[in-house]
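Asks: need the 3D shape of this:
(chains A and B)
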Amino acid sequence: MAGGDELKLLGMWASPFVLRVQLALSLKGLSYEYVEEDLKNKSELLLKSNPVHNKVPVLLHNGKPICESSIIVQYIDEAFSGTGPSLIPADPYERALARFWAAYVDDKMLAAWNQSSRGKTEEERAEGKKQSAVAVENLEGALRECGKGKPFFGGDSVGYVDVMLGGLLGWVRAAEELQGVKHFDPARTPLLAAWAESFGALDAIRPVMHDVNRLVEFGKMLQARQAAAAAGAGN
Amino acid sequence: MNHQDEKDKVKLFGIRSSPYVLKVIWALRIKGVKYDYIEEDLGNKSDLLLEYNPVHKKVPVLVYQGKPIAESEVILEFIDEAWKHCGDPILPEDPYERAMTRFWARFGSDKLSPPIWKWFTTQGQEQEDAYAAAIEQLLVLEKELCGKRFFAGEKIGFVDLSLGSLAYVIPIYEEITGVKMITEETFPSLTAWMGNFQSSPVVKDHLPPLDKLQLRLFTPAEAAWPV
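Replies: I've put the predicted structure just below:
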């Protein structure tokens, strides 16, 4: 690789998707410049770098933008394959399993969590809650299958699925206070509960993770705003 | 590679009209991989399908050396990697090009499919708004394609496979609604791409039964987004 790899990450402090990228960069031991975006007043650079979605995270590598957290994490692993640990396994079948479960985290589990808290009707939210329980149970099974008795989805060390799920952990903890819900209940999903502890304790992970109290405050503010909008809409 | 060995056998569970299944069939053809095809009845799923895909219970499922892989995009990357030295590459080698490829493949389902489906299934203002939204996203795609034969260049690749069903679905929608969406004047590259895609050796003769597809789209109960 040419000398002088410049990495810049456009992000927002509370975003779990941005956090995923930070976790990956930290695990690989890569240094980067972090730029906090004001999502109500997006920078020229963000709009230019992600014209399709106008969203964070965006990683700029020597000025070239990469968007979407799962795409960015895979890019980091591939572009810096000689640096730090590998996040994605080498074997094609293991890689397929990792990609499958990483997609599952967003497409099924996160979607269900969002529906359970933000669904417009009581019915929708109840369905979301039901789907959340199924999704978390499936992930517990995945950890058992991929981890094979080891602490992480990647086995002895952290991998792609760990990073994709790990970015959500701050919000998982915040949800206990905000929604009174425990997503990784040790009674129902002991492996995931243990995983959350192990993951959060890693040296490369701990300093980067979200401040849960700050997320709770932020979450309460969002809830208040949502309630006000709903009340206003009813007038 | 000896496909006669049981352990090397490739099995694909699918339904002939599903664009997700077709993507996998086209990918296997790019690599020249022989496979056994099992047509599923989604109203009466086989025990094998449920065993191989307990999480989603959907097609396509690819089974290789006894191990199942589900989710079409995951299967496509697997095919590219497991048969790396056969046929043509499906994804590029360069990490940045791979990132761009994955981004544009997702663009179809994230940004394009929803307004196109909305346009087809609604009326009045909602339909007009959906049409405008679809055109906006198609213009983005037109710019990305920019005169290339395929999104991947000279040969079909990952993005072409992901967006491919648009090539045959949109003309059907246009015929049913009586409204043109992809006109040659506004979308010269996409118009050419649709023709190139459908007539390419990988895809030709491996399209869904289009008359059955039209029937499915007409029956509200069965109408489901086919892209």
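Asks: need the residues of chain B near chain A, please.
Replies: B:55, B:64-65, B:67, B:69-71, B:73-75, B:77-78, B:81-82, B:95-96, B:98-99, B:102-103, B:106-107, B:111, B:140 (C-beta under 8 Å from any C-beta of the partner chain). No exception for glycine: its C-beta is placed from N, CA and C like everyone else's.
Asks: buried subset of those, written for ChimeraX?
Replies: This is how ChimeraX selects the buried members of the residues of chain B next to chain A, with burial counted by 16 or more other C-beta atoms under 10 Å in any protein chain shown:
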select /B:55,64,69,70,71,73,74,75,77,78,81,82,95,96,98,99,102,103,106,107,111
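Asks: which ones among the residues of chain B next to chain A are found in strands?
Replies: B:Tyr64, B:Lys67, B:Ile69, B:Ala70 (DSSP state E).
Asks: in contact with the first one, which residues?
Replies: Read it as B:Tyr64. A:Tyr93, B:Asp8, B:Lys9, B:Val10, B:Lys11, B:Phe78, B:Ala82 (C-beta atoms under 8 Å, 6 or more residues apart in numbering or on different chains).
Asks: what distance do you get for it to B:Val169?
Replies: 29 Å (C-beta to C-beta, to the nearest Å).
Asks: try the third one
Replies: For B:Ile69, the distance to B:Val169 (C-beta to C-beta) stands at 25 Å.
Asks: likewise A:Val208?
Replies: Distance from A:Val208 to B:Val169, by C-beta to C-beta: 43 Å.
Asks: those two - which one has more neighbours?
Replies: Set A:Val208 next to B:Val169 and count neighbours by other C-beta atoms under 10 Å in any protein chain shown: B:Val169 wins out with 22 against 16.
Asks: name the residues that touch stretch B:15-30?
Replies: With C-beta under 8 Å, 6+ apart as the criterion, stretch B:15-30 contacts B:10, B:12, B:14, B:35, B:37, B:39-40, B:42, B:59-60, B:62, B:72, B:75-76, B:79-80, B:87-88, B:90, B:156, B:161-162, B:164-165, B:169, B:202-203, B:206-209, B:212-213, B:216, B:226-227.
Asks: try stretch A:165-172
Replies: Residues contacting stretch A:165-172 (C-beta under 8 Å, 6+ apart): A:16-20, A:23, A:69, A:105, A:110, A:139, A:153, A:158, A:183-184, A:196, A:199-200, A:205, A:209-212, A:215, A:219.
Asks: so for it, mean pLDDT?
Replies: Taken as a whole, stretch A:165-172 has a mean pLDDT of 96.
Asks: can I get the CA coordinates of it in PDB?
Replies: Provided in PDB are the C-alpha atoms of stretch A:165-172 (Å, rounded to 0.1, in the frame of the first residue of the first chain):
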ATOM      1  CA  LEU A 165     -23.700  -6.700  16.900                       C
ATOM      2  CA  GLY A 166     -21.300  -4.900  19.200                       C
ATOM      3  CA  GLY A 167     -22.100  -1.500  17.800                       C
ATOM      4  CA  LEU A 168     -25.600  -1.900  19.200                       C
ATOM      5  CA  LEU A 169     -24.600  -2.800  22.800                       C
ATOM      6  CA  GLY A 170     -24.800   0.700  24.200                       C
ATOM      7  CA  TRP A 171     -28.300   1.000  23.000                       C
ATOM      8  CA  VAL A 172     -29.100  -2.500  24.200                       C
END
